[in-house]
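Novice: Predicted model, plus sequence, below.
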Amino acid sequence: MKRHKVPVRFTGQHFTIDPLLIRDAIRLADIKKEELVLDIGAGLGFLTVHLLKHSENVIAVENDPYLVAKLRSKFRDQSQHLTIVGADFRTYTIPPKSFKVVANIPYGITTDILKKLLFTHLETFAGGCLVMQLEPAQKLTRGNRFNPYTAFYHTFFELELIYEVPPISFLPPPTVKSALVRLKKKACADVSIDAKQKYLDFLGFMLQSPTAPARTVLKKLFQKRQIRALSQQYRLNPDGPIYDLSPSQLSGCFREMLRVVPPPFHPKEKL
């Protein structure tokens, strides 16, 4: 009986071996033949082999040298459509073009992967599907309003938890629950992509004391009459906690800040 190498545990890597999960992830990502698709944490290529049936331009990123060698041997006849990269995804330079991701990501670096995709490469990341740990998937899709990055992600993407994934879908089975998450880029976001850093700075400023009343936070930027106008226009409760504002309400306040607040007084949190 052939034995598979056990994944590197410090990254939280577990191989996806469930064909139904793989099929659903690829279908929901709506991949076109010409689209560039990244498989992050490709492992032994269980997902990669199916991606090659849908895209003519796949990049498999894997950090484990042993697994990289296995991938290159397994796909030695697929070099025309597959690029195998031996690197930590956090330091990998993504090609400067539109791309999607379908991947069972290493759970231990989930936060870094999300930031790289949904913030750093916001301009070119077109969406896709991720298999990830259930708890962060729930926080991501429900909108953890204490987290500026989560509010940012919801401004530019539709984030949906499709279903929970049982441990038997992986090799080896993880000790934590997992989920399939779809990330779909909004056709028309409330904030210009060019203003992404300024918007993140604004969110960091707004949520630095998330339980503070919205009025207390807003008055650091706006005049009383402006706060009243914001409350009416975006139906926000100025006496409720600032974390209770939705991403659309926060982005509305941001746009109003750009309109009425002089640039020297704009927040500069630099998250």
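Specialist: Cool, got the structure.

Novice: Which stretches in the stretch 101-250 of the chain count as helices?
Specialist: Using DSSP state H, counting those that start in this stretch, the helices found in the stretch 101-250 of the chain span residues 110-115, 134-142, 148-156, 196-206, 214-218, 224-234, 247-260.

Novice: What lies in contact with the second one?
Specialist: Meaning helix 134-142. Residues outside helix 134-142 that contact it (Cβ atoms under 8 Å, 6 or more residues apart in numbering): 110-111, 114, 147, 150, 153, 159-161, 164-165, 176-179, 181. Where C-beta positions appear, they are placed from N, C-alpha and C, glycine not excepted.

Novice: let's go with 6 Å and repeat that
Specialist: For helix 134-142, contacts defined as Cβ atoms under 6 Å, 6 or more residues apart in numbering pick out 110, 159, 161, 177-179, 181.

Novice: Pull the distance from it to the chain's centre.
Specialist: The chain centroid and the centroid of helix 134-142 are separated by 11 Å, computed with Cα atoms, centre = their mean, to the nearest Å.

Novice: State the distance from the residue nearest to residue 146 when sequence neighbours are not counted to residue 245.
Specialist: Closest residue to residue 146 in three dimensions, ignoring its sequence neighbours and counting by Cβ to Cβ, 6 or more residues apart in numbering: residue 210, at 4.7 Å. Look at residue 210 and residue 245: by Cβ to Cβ, to the nearest Å, they are 10 Å apart.

Novice: of the two, who's got more company?
Specialist: Set residue 210 next to residue 245 and count neighbours by other Cβ atoms under 10 Å: residue 245 wins out with 24 against 17.

Novice: Now do the more buried one against residue 259, distance only.
Specialist: 18 Å.

Novice: got it, and residue 197?
Specialist: Using Cβ to Cβ, which is the criterion applied here, residue 197 is 18 Å from residue 259.

Novice: Who has more neighbours out of those two?
Specialist: Applying other Cβ under 10 Å to residue 197 and residue 259 shows that residue 197 carries more neighbours, namely 13 against 8.

Novice: how about the more buried one, what does it touch?
Specialist: With contacts defined as Cβ under 6 Å, 6+ apart, residue 197 is in contact with no residue.
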